[in-house]
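Q: This is the structure alone, sequence omitted:
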């Protein structure tokens, strides 16, 4: 069977768990929009994890809110969907009864919940350790470059090793060093391209030089008055614009359902975070609409 997932900590933990329960012989890393836009061919034996549903898959696990752009799953399907801090938590609960060895991954799943569910402390952001540090080094939004080989290296070690062994990996230590050295340049560049509109922090890096690598949650420690962050960047080959939205993990006063809002523009996500592609021709108009909607008291979940 092939596992198709995302190249982040949640996807990695899903891969480690599912590999223990299913005969996985290949792992494919893709972006959720590849499913939404039907750019990835899903096979009848594929397991999808941390991705939108596709009618061809054998099993499906996800914790993100559905949007109108995603194909609706049938009332009965193989796998599990529901509200949870991470998809890994759903995978863990689904297979635990028949796989008591899953208890060995309890710490990994708990920390994946904290990372993917944005349940982090200021100490986690300023001085990340163990699985939280791993999450930052793997997160594509940190800007550390290609991650497939790194993902597979982590997968191989996490299956049978300890978190201490993972932390000793030269590849992880190198990414940690780059994050630490890039902290101040990253914050300086972010401030240079940001503006605060009420409680909405808007960062538009379309005209920026390549951004330094950096821990994205650092922004919330420097803009405590902001309760939501709208980040604007180019998509691949500048063919479209990408708007990424996330609630502040410290100032938790934003009431907008991000996934519900972005569904109206062809994207999606869950309550606290999401993303959507935007056509170049009307990007500025939609950005202003998003700022206005993010300032509203509440945006309902998309039907």
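A: Arrived safely. The model shown is predicted, which means the values in this text are computed figures rather than measured ones. Numbering: from 1, shown residues only.

Q: Break this protein down into its domains, please.
A: The record's domain parsing of the chain by automatic domain parsing lists 1-117, 188-294.

Q: So which residues of the stretch 51-200 of the chain form helices?
A: Along the stretch 51-200 of the chain, the stretches classed as helices by DSSP state H, counting those that start in this stretch are 87-95, 106-116, 122-126, 130-138, 148-160, 163-167, 170-192.

Q: Mean neighbour count, those helices: which tops it?
A: Here the criterion is mean neighbour count by mean count of other CB atoms under 10 Å, and of the helices of the stretch 51-200 of the chain the winner is helix 87-95, at a mean of 24. Every C-beta, even on glycine, is put in place using the N, C-alpha and C of the backbone.

Q: Could you pull up the mean pLDDT of that helix?
A: Across helix 87-95, pLDDT averages out at 97.

Q: what distance separates that helix from the middle of the whole chain?
A: 17 Å (CA atoms, centre = their mean, to the nearest Å).

Q: Also stretch 278-287?
A: 23 Å.

Q: on contacts alone, who are the packing partners of the helix or strand bottoming out on mean pLDDT in the chain?
A: Least confident helix or strand, the chain: strand 268-269 with a mean of 83, by mean pLDDT, DSSP states H and E. The contact analysis (3 or more CB pairs under 8 Å, 6 or more residues apart in numbering; DSSP states H and E) places strand 268-269 against helix 258-263, strand 273-278.

Q: Just name the most buried of those.
A: Comparing the helices and strands packed on strand 268-269 by mean count of other CB under 10 Å gives helix 258-263 as most buried, with a mean of 25.

Q: Can you tell me which of the helices and strands packed on strand 268-269 is nearest to residue 120?
A: strand 273-278 (12.9 Å; CB to CB).

Q: Let me know the angle separating the closest one from helix 106-116.
A: Going by axes from the mean of the first three to the mean of the last three CA atoms, to 10 degrees, strand 273-278 is angled at 50 degrees with respect to helix 106-116.

Q: Tell me which other helices or strands strand 273-278 touches.
A: On a contact count with 3+ CB pairs under 8 Å, 6+ apart, strand 273-278 meets strand 241-247, helix 258-263, strand 268-269.

Q: What is the subsequent helix or strand relative to that strand?
A: Using DSSP states H and E, the helix or strand that follows strand 273-278 in sequence is helix 283-294.

Q: From the contact counts, what lies against that next one?
A: Counting by 3+ CB pairs under 8 Å, 6+ apart, helix 283-294 packs on strand 200-204, strand 228-234, strand 241-247, helix 258-263.

Q: Try it again at 7 Å.
A: strand 200-204, strand 228-234, strand 241-247 (3 or more CB pairs under 7 Å, 6 or more residues apart in numbering; DSSP states H and E).

Q: Take the helices of the stretch 51-200 of the chain and lay them out in TSV including distance to residue 203.
A: Shown next, in TSV, are the helices of the stretch 51-200 of the chain (distance: least, CB to CB, whole Å):
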stretch	distance to residue 203
helix 87-95	27
helix 106-116	21
helix 122-126	17
helix 130-138	18
helix 148-160	26
helix 163-167	31
helix 170-192	6
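
Q: export the helices and strands packed on strand 268-269 to TSV and tack on distance to residue 285 and mean pLDDT?
A: Formatted as TSV, the helices and strands packed on strand 268-269 follow (distance: least, CB to CB, whole Å; pLDDT from 0 to 100):
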stretch	distance to residue 285	mean pLDDT
helix 258-263	16	90
strand 273-278	9	92
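
Q: which residues touch residue 26?
A: Going by CB atoms under 7 Å, 6 or more residues apart in numbering, residue 26 touches residue 2.
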